[in-house]
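> I need the structure of the sequence given here:
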Amino acid sequence: MNFTEEVLSLNGEPFYNFVEQQYIGDGFAFVQLDSEELIPLKKTAGIFLNDGRFILKKGLVYKVEKFLKILRTLNQEYLTSLDHHSSNNSSDLIVPEYLLKKFPFIQTLIVYSKLIADCKYDLTFLNIILNNIIRNLITEETGFRYETIVRQFATSLYILGGRIAYEFVRLNIPALLPSVQIIQAYIVLLNNHLTEGLFNDGGILKYFNMNQSTLGFVAEDATPVVPKVTYGTKSNTFIRFSLPLDSNGLPIKNSYSTDSFTRLEEWYSDIKQATLLNAYLIQPLSSSLNISPYIFAAYGTDNKFESSDVISRWYKIYQECKAKGICILGFSTDCDSRYFHSMRSSLGFFANFTYDGHPDLLSVDLPSSWCWFLMQQKQLYMCFQDAIHICTKLRNRLLSETTHLLLGEQLINMEPLLYTINNYSKLDHSLVVSDLNPKDRQNYNSAAKISSDNILTLLENIPNSLGINIYLQVCGSNKYKNK
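Here you go, the predicted model:
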């Protein structure tokens with residue numbers, strides 16, 4: 001193989017080694033040699049002067065020097081790349097500088113990845129979220145996939161924040177959250193759905209076992225709903241007709257199931273649609289854990305029932321839970337006149353109703369000096385109105401335009417609170433005018449704000465505020481404020 005063929009056959013590291021071996025420092029030193037064999041090469045590379053001297057062509061010298069400079073640059077880059085690969089795995093990526101300038105978050109991610117190992121926080125969920133987003137962004141939208149934990153997070157956001165908040169987050173962070181339709185289908189597939197009128201005793205037992213609790217407190221309340229009949233595919237029944245009650249005060253489930261269109265028309269004509277949704281929650285009690293309540297029943301009602309239905313229903317719930325090893329200590333509800341009568345009767349207030357001889361009666365240790373407190377010392381369970389309702393009702397009575405409250409000679413009204421807003425810094429009282437007259441009369445937060453300790457302290461320095469001060473102390477006492 002001749003010299004030219006040998007040079008052209010080389011590439012990479014062998015080529016640079018060959019150049020290093022053959023390069024002798026001065027590439028044109030050979031023209032100084034006195035040899036007839038070099039005359040043709042000298043004529044090509046330079047010019048012979050009349051006095052016999054030989055001069056190289058400047059352009060040729062420039063090209064050779066430029067070629068050598070390029071070789072040195074390439075060689076340096078090659079050596080740098082060798083050092084890089086020797087200190088890193090072959091799978092490492094090199095991020096171009098223009099990408100870092102265009103997308104600064106890439107550099108942040110690189111720094112973040114280096115801190116993961118030493119971070120004191122658990123970043124498992126964050127890693128899954130980021131990986132899920134990036135994986136979805138490099139695929140078609142129809143091919144988006146979501147990890148199970150991402151679906152669970154999205155479901156929680158949808159339930160707690162509502163549809164509007166969910167859509168707002170989803171539109172502003174692409175590829176993070178699945179569509180609303182996917183979330184709704186995911187919720188339907190879960191096994192925690194309610195059947196109208198069914199009291200889920202099995203769900204109660206499972207929830208209490210999971211939280212290692214055997215004591216519970218039941219709350220019952222109704223909320224207005226828009227009358228609208230729908231079809232339940234799982235139960236094959238028509239929902240939102242007012243369910244009838246059985247002898248135990250419990251709704252008769254599946255009362256409106258039919259394949260006859262004529263029968264459905266009769267129901268629409270003869271049966272009232274539910275205007276209220278009655279819901280039941282049970283709160284597991286624990287001295288060490290803060291356990292959330294569990295909703296175990298719900299049904300539509302037209303608010304037509306008697307206090308005897310309430311007492312029978314509570315006793316039936318007590319018995320069913322007792323059979324599963326769960327002791328119900330009491331019931332809490334709104335102070336509707338029928339509920340109020342049921343609570344008074346159950347506790348023996350001006351009533352002869354008792355559970356005499358029941359083996360599970362509780363002993364109530366009343367102070368001997370409480371001769372004015374009318375309550376039987378043997379009770380099957382306790383009853384009292386929901387503390388939140390008490391607090392909001394006291395606030396609403398204060399807002400009444402037809403009721404005038406007096407404490408001795410002190411008139412109880414909102415004037416001292418308005419004086420506080422107008423004459424003290426908001427940093428001191430945290431109130432706004434809407435807190436004194438909220439449109440939503442069930443707004444508990446405004447009731448808690450006007451009865452806070454800061455407000456009570458400020459009222460001590462305001463004339464003619466003794467009455468409102470004492471009244472708000474009652475509203476804001478711990479037994480009402482601790483939800």
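
> And the strands in the protein?
46-48, 54-56, 215-224, 230-232, 237-239, 276-284, 294-301, 327-333, 362-363, 378-379, 382-385, 405-407, 410-412 (DSSP state E).

> Columns mean neighbour count and mean pLDDT on top of those, output as CSV?
Where C-beta positions appear, they are placed from N, C-alpha and C, glycine not excepted. Shown next, in CSV, are the strands of the chain (neighbours: other Cβ atoms under 10 Å; pLDDT from 0 to 100):
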stretch, mean neighbour count, mean pLDDT
strand 46-48, 14, 76
strand 54-56, 13, 75
strand 215-224, 17, 92
strand 230-232, 12, 87
strand 237-239, 19, 91
strand 276-284, 19, 94
strand 294-301, 22, 93
strand 327-333, 20, 92
strand 362-363, 12, 88
strand 378-379, 16, 86
strand 382-385, 17, 86
strand 405-407, 12, 84
strand 410-412, 17, 84
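
> so which of these gets nearest residue 260?
Residue 260 sits nearest to strand 237-239 of all these, at 11.6 Å, using Cβ to Cβ.

> contact partners of that closest one?
With contacts defined as Cβ atoms under 8 Å, 6 or more residues apart in numbering, strand 237-239 is touched by 196, 229-232, 253-258, 264, 267, 300.

> residue contacts, the closest residue to residue 327 other than its chain neighbours?
Nearest non-adjacent residue to residue 327, counting by Cβ to Cβ, 6 or more residues apart in numbering: residue 215, 5.4 Å away. By Cβ under 8 Å, 6+ apart, residue 215 lies in contact with 284, 285, 326, 327, 329.

> Make JSON lines out of the strands of the chain and add distance to residue 73.
Written out in JSON lines, the entries for these read as follows (distance: least, Cβ to Cβ, whole Å):
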{"stretch": "strand 46-48", "distance to residue 73": "27"}
{"stretch": "strand 54-56", "distance to residue 73": "24"}
{"stretch": "strand 215-224", "distance to residue 73": "78"}
{"stretch": "strand 230-232", "distance to residue 73": "76"}
{"stretch": "strand 237-239", "distance to residue 73": "79"}
{"stretch": "strand 276-284", "distance to residue 73": "74"}
{"stretch": "strand 294-301", "distance to residue 73": "73"}
{"stretch": "strand 327-333", "distance to residue 73": "83"}
{"stretch": "strand 362-363", "distance to residue 73": "92"}
{"stretch": "strand 378-379", "distance to residue 73": "94"}
{"stretch": "strand 382-385", "distance to residue 73": "86"}
{"stretch": "strand 405-407", "distance to residue 73": "92"}
{"stretch": "strand 410-412", "distance to residue 73": "90"}
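
> and residue 347, which of these is closest to it?
Shortest distance between residue 347 and the strands of the chain, using Cβ to Cβ, is found for strand 382-385: 5.6 Å.

> what sits up against the closest one?
By Cβ under 8 Å, 6+ apart, the residues outside strand 382-385 that reach it are 329-335, 340, 342-343, 346-347, 362.

> now with 6 Å?
By Cβ atoms under 6 Å, 6 or more residues apart in numbering, the list of residues contacting strand 382-385 from outside reads 330, 331, 332, 335, 343, 346, 347.

> which among the residues you listed gets closest to residue 459?
For the contacts of strand 382-385, the nearest to residue 459 is residue 335 (27.8 Å; Cβ to Cβ).

> Who's the closest spatial neighbour of that closest one, skipping the chain neighbours?
With sequence-adjacent residues excluded and distances taken as Cβ to Cβ, 6+ apart, residue 335 is closest to residue 385, at 4.7 Å.

> Against residue 75, how distant is the one you found?
88 Å (Cβ to Cβ, to the nearest Å).

> Residue 136 contacts residue 144, doesn't it?
Yes: using Cβ atoms under 6 Å, residue 136 makes contact with residue 144 at a distance of 4.5 Å.

> Break this structure down into its domains, please.
Domain ranges of the chain: 3-87, 105-189, 201-385, 387-481, per automatic domain parsing.

> and the end-to-end length of the second one?
Domain 105-189 stretches 38 Å from its first residue to its last (Cα to Cα, to the nearest Å).

> ok, residue 304 to residue 243 distance?
Relative to residue 243, residue 304 is positioned 11 Å away (criterion: Cβ to Cβ).

> who's more crowded, those two?
It is residue 243, of residue 304 and residue 243, that has more neighbours when counted by other Cβ atoms under 10 Å, with 24 against 10.

> what residues are up against the more buried one?
Contacts here follow Cβ under 6 Å, 6+ apart; on that basis residue 243 touches 197, 251, 255, 299.

> Residue 465 now?
For residue 465, the contacting residues are 416, 459, by Cβ under 6 Å, 6+ apart.

> how about the spatially most central residue of the chain, what does it touch?
Taking Cα atoms, centre = their mean, the centroid of the chain lies closest to residue 157, which sits 4.3 Å from it. Each residue near residue 157 by Cβ under 6 Å, 6+ apart is listed here: residue 166.

> can you do 8 Å?
Taking Cβ under 8 Å, 6+ apart as the definition of contact, the neighbours of residue 157 are 165, 166, 169, 177.

> Also residue 95?
106, 110.

> at 10 Å what do you get?
103, 106, 107, 110 (Cβ atoms under 10 Å, 6 or more residues apart in numbering).

> So for it, what's the pLDDT?
Confidence per residue is given as pLDDT, and for residue 95 that number is 75.

> Next, the buried residues of stretch 335-344.
By neighbour count with 16 or more other Cβ atoms under 10 Å, stretch 335-344 contains the buried residues 336, 338, 339, 340, 341, 342, 343, 344.

> correct me, but the last one touches residue 352?
Spelled out, it's residue 344. No: proximity of residue 344 to residue 352 does not meet the contact threshold set by Cβ atoms under 10 Å, at 11.5 Å.

> So residue 218 is in contact with residue 315, correct?
No: using Cβ under 10 Å, residue 218 and residue 315 do not qualify as a contacting pair, with a distance of 11.6 Å.

> returning to what we had before: go through the contacts of strand 237-239 and name the one with the lowest pLDDT.
When those are compared by pLDDT, residue 232 scores lowest at 84.

> So what sits opposite that residue in the bridge?
residue 237 (DSSP bridges).

> now the end-to-end length of stretch 376-385.
Counting by Cα to Cα: the opening and closing residues of stretch 376-385 are 18 Å apart.

> Please read the previous query as pertaining to stretch 194-208.
Taking Cα to Cα, stretch 194-208 runs 18 Å from one end to the other.

> For that stretch, list every residue counted as buried.
For stretch 194-208, burial by neighbour count (16+ other Cβ under 10 Å) applies to 195, 196, 197, 198, 199, 200, 201, 203, 204, 205, 207, 208.

> so where's this protein uncertain?
1-13, 15-31, 78-93, 117, 191-192, 477-483 (pLDDT under 70).

> Residue 62: how many residues sit nearby?
Residues lying near residue 62 (other Cβ under 10 Å) number 10.

> how far away is it from residue 75?
Distance, residue 62 to residue 75, using Cβ to Cβ: 20 Å.

> Residue 134: what's it in contact with?
When the contact criterion is Cβ under 10 Å, 6+ apart, the partners of residue 134 are 109, 175.
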